[in-house]
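Trainee: return atomic coordinates for the entry below.
(one chain, ligands or ions: 1)
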Amino acid sequence: PPKNPKKQWSLNDFEIGKPLGKGKFGRVYLTREVKSGFIVALKVIFKEQIEKYRLHHQLRREMEIQTSLCHPNVLRLYGWFHDEQRIYLILEYAHGGELYRELRKTRHLSEKQAAIYIASLTQALAYCHEKHVIHRDIKPENLLLDHEGRLKIADFGWSVQSRSKRHTMCGTLDYLAPEMVENKAHDYAVDNWTVGILCYEFLYGVPPFEAERQTDTFRRIMKVDLCFPSTPDVSGEAKNLISQLLVKDSSKRLSLQKIMEHPWIIKNVT
Ligand SMILES: O=C(O)Cn1ncc2ncnc(NCCc3cnc(NC(=O)Nc4cccc(Cl)c4)s3)c21
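Mentor: So this is what the prediction gives:
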């Protein structure tokens with residue numbers, strides 16, 4: 001990564017390559033830092049969009065949070081700079097792109113692969129919680145893969161509309177915990193709920209409370225209307241883990257530590 005994080009970067013320090021994805025607030029480009037040859041992903045955000053949607057505080061908070069996080073399963077924000085019209089985020093490049101594109105290709109993941117991703121996500125979240133960073137609005141679009149297929153949480157941004165659009169792309173409730181959708185005060189345990197949602201989606205290919213209309217998804221979340229289809233055939237341990245996470249009372253959800261000790265994780269990850 002670029003050596004001196006305090007350095008004032010400018011566009012002249014970079015050679016911009018192909019677009020990696022386009023967002024509501026700007027695009028992400030494969031980019032090379034000229035002096036070191038180091039490859040990064042450069043996210044270009046238009047200032048007038050930030051002004052229009054009044055996102056200054058959110059973007060500033062993201063930069064404070066992300067520049068302080070350093071974990072193998074959290075996408076790095078190396079630094080940032082700006083010019084007249086744009087703000088540029090210098091991000092770690094995730095060569096494997098979006099995890100959920102892999103999910104769509106294979107419809108659902110093997111139990112082993114799903115467990116590996118859930119363990120990485122849990123470790124990343126445990127690290128974030130340690131640094132008092134919660135509720136990272138985790139959803140498959142925000143999970144990227146590096147060149148070795150390692151999961152990276154990249155969700156510190158606003159909704160990054162990725163190229164491979166999802167039908168439930170913007171404003172999906174699917175991943176939100178009951179206390180979130182009810183707009184109640186939420187705490188760290190919202191992330192535990194989301195681990196359960198993602199575990200279900202990795203194994204069955206769709207999130208557990210998916211419904212045609214948002215109102216139905218809302219109702220299903222509030223009821224924790226969880227059912228396991230008979231196909232694909234999923235192990236009892238996996239269902240057990242999901243059932244211990246998708247619990248309405250946030251204080252009763254399995255802790256991140258306990259997830260790492262769950263038989264399904266131990267069996268598939270070590
Ligand atoms: O480009 C793709 O679609 C996928 N892709 N493929 C490879 C790859 N390698 C690295 N990064 C990617 N994408 C960027 C991921 C982000 C991380 N952090 C962000 N932060 C943010 O957008 N913040 C933000 C924006 C606008 C307003 C506000 Cl308030 C905050 S975006 C990659």
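Trainee: how about the biggest strand by length in the chain and the ligand, any contact?
Mentor: Longest strand in the chain by number of residues, with DSSP state E as the criterion: strand 14-23. Yes. On the criterion Cβ under 6 Å from any ligand atom, strand 14-23 is in touch with the ligand at 20-21, 23. Backbone N, C-alpha and C define where each C-beta goes, glycine included.
Trainee: following that strand, which helix or strand shows up next?
Mentor: The C-terminal neighbour of strand 14-23 among helices and strands, as given by DSSP states H and E, is strand 26-33.
Trainee: list phi and psi for the residue most central in space within the chain.
Mentor: Residue closest to the mean C-alpha point of the chain, counted by Cα atoms, centre = their mean, is residue 142 at 3.3 Å. In terms of degrees, to the nearest 10, the main-chain angles of residue 142 are phi -100, psi 10.
Trainee: does it touch residue 152 like I think?
Mentor: No. Shown here, residue 142 and residue 152 do not form a contact pair, counting by Cβ atoms under 8 Å, at 9.4 Å.
Trainee: let's have the residues of strand 14-23 next to the ligand in TSV, adding pLDDT and distance to residue 80.
Mentor: Formatted as TSV, the entries for the residues of strand 14-23 next to the ligand read as follows, by pLDDT from 0 to 100; distance: Cβ to Cβ, whole Å:
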residue	pLDDT	distance to residue 80
20	93	17
21	84	18
23	71	15
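Trainee: now, which of the residues you listed sits nearest residue 29?
Mentor: When those are compared for distance to residue 29, the smallest value, 6.4 Å, is given by residue 20; criterion: Cβ to Cβ.
Trainee: ok, that closest one touching residue 42?
Mentor: No. Between residue 20 and residue 42 there is no contact under Cβ under 8 Å: 9.1 Å.
Trainee: what residues are shared contacts of those two?
Mentor: Residues touching both residue 20 and residue 42 by Cβ atoms under 8 Å, 6 or more residues apart in numbering: 28-29.
Trainee: neighbour count winner among the two?
Mentor: With other Cβ atoms under 10 Å as the criterion, residue 20 and residue 42 differ in neighbour count, and residue 42 comes out ahead with 25 against 22.
Trainee: hey, what's that one bridged with?
Mentor: Taking DSSP bridges, one finds residue 29, residue 90 as the beta-bridge partners of residue 42.
Trainee: and the helices in the stretch 1-150 of the chain, which stretches?
Mentor: Assigned by DSSP state H, counting those that start in this stretch, the helices in the stretch 1-150 of the chain fall at 47-52, 56-68, 99-106, 111-130.
Trainee: to the ligand, which of the ones you listed lies closest?
Mentor: For the helices of the stretch 1-150 of the chain, distance to the ligand was read as Cβ to the nearest ligand atom. The smallest value, 3.8 Å, belongs to helix 56-68.
Trainee: how about the closest one against the ligand, any contact?
Mentor: Yes. With Cβ under 6 Å from any ligand atom as the criterion, the ligand is reached by helix 56-68 at 58-59, 62.
Trainee: only the buried subset of the residues you listed, as a ChimeraX command please.
Mentor: Applying 16 or more other Cβ atoms under 10 Å to the residues of helix 56-68 next to the ligand, the buried members can be selected in ChimeraX as follows:
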select :59,62
